[in-house]
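A.B. asks: what's the 3D shape of this:
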Amino acid sequence: MASNSDEIYRLEHVPIFEAMYGKGLISLGGYPAVERMFTDVDLHRKHLLDIGFGIGGIAHYLASTFDVQVTGVEIHPWMVDYATDSTLESAKERVRFLTYDEQGHIPLPPECIDLAYSKGVLTNVEDKRSLFQEVVRVLQPHGELCLIDWLAPADGVPTTELLFSTGELSHKETAASYREILAGCGFQQIEFQDVTPEYLTYVNELTDVLSAPEHIERYSDILSSEFRNHLLASNAKIVNAIESGEQLSCRIRAAL
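C.D. replies: Numbers count the residues shown, from 1 in each chain. As a prediction, the model looks like this:
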């Protein structure tokens, strides 16, 4: 894997993502984590916006499991093609995938989305304010936001760091700075739920998966021993950051 996001997120690396996270996913916890993310959220007959849909698994899952339509937006055109091509026939009329336009805007008309969500993606976005302004533009009045993100501790300051695992930059807000950004864009009823213990479990589960002899044997042609060891070292750093209180995971909900 390479040292910047443009090289990390490439079509030929999909087998690596799926070996780590499961079919269709580039995020921790598998589909049970997706279910828990939407606990007590009413999805019925809503039009959802998936911010940073990756390879499409969450959008596919929601469209196939719930009575919803999902529009996903990403920065990589190949992801649009991959997610579209891998959509089950039964869900094809319920999902569509788009890239941002040349100005970085979401290519949707105003007030067409009921709920926007994102899982484990927005820590990679430095200018969250501009993104949320776009989200507000496409949300209907009283539209909702639901996301999972990594945060810096409440007594700290927003941080930018180079991720050991991928070489990407991670831009972690504090709860206070996140709240200020969301409120400044027009969101109200902003709620933070600490899900750090849950995501520590997911990190440890990924370590167990990567260490399992059957996984090593099955994916030996996809994950080299060198890269597997790199991932395990990265997981150990994440565990240390969580256990030392330097990194939190939160579910954030808000509404207009």
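
A.B. asks: quick check: end-to-end length of stretch 130-147?
C.D. replies: 16 Å (Cα to Cα, to the nearest Å).

A.B. asks: buried ones in that stretch?
C.D. replies: 131-132, 134-139, 143-147 (16 or more other Cβ atoms under 10 Å). C-betas here are computed from N, CA, C, even on glycine.

A.B. asks: all helices for the chain, in order.
C.D. replies: For the chain, the helices defined by DSSP state H cover 5-8, 14-21, 30-37, 57-65, 77-85, 128-138, 175-184, 196-211, 213-218, 225-243.

A.B. asks: who wins for proximity to Ala116 among these?
C.D. replies: helix 128-138 (5.0 Å; Cβ to Cβ).

A.B. asks: and the buried residues of stretch 130-147 as a markdown table, adding distance to Lys172 and pLDDT?
C.D. replies: What follows is those, written out as a markdown table (distance: Cβ to Cβ, whole Å; pLDDT from 0 to 100):
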| residue | distance to Lys172 | pLDDT |
| --- | --- | --- |
| Leu131 | 15 | 97 |
| Phe132 | 16 | 98 |
| Glu134 | 21 | 98 |
| Val135 | 19 | 98 |
| Val136 | 22 | 98 |
| Arg137 | 25 | 98 |
| Val138 | 25 | 98 |
| Leu139 | 24 | 98 |
| Gly143 | 25 | 98 |
| Glu144 | 23 | 98 |
| Leu145 | 18 | 98 |
| Cys146 | 19 | 98 |
| Leu147 | 14 | 98 |
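
A.B. asks: give the contact list for Ala175.
C.D. replies: Residues counted as contacts of Ala175 (Cβ atoms under 8 Å, 6 or more residues apart in numbering) are Leu151, Ala154, Phe192, Cys250.
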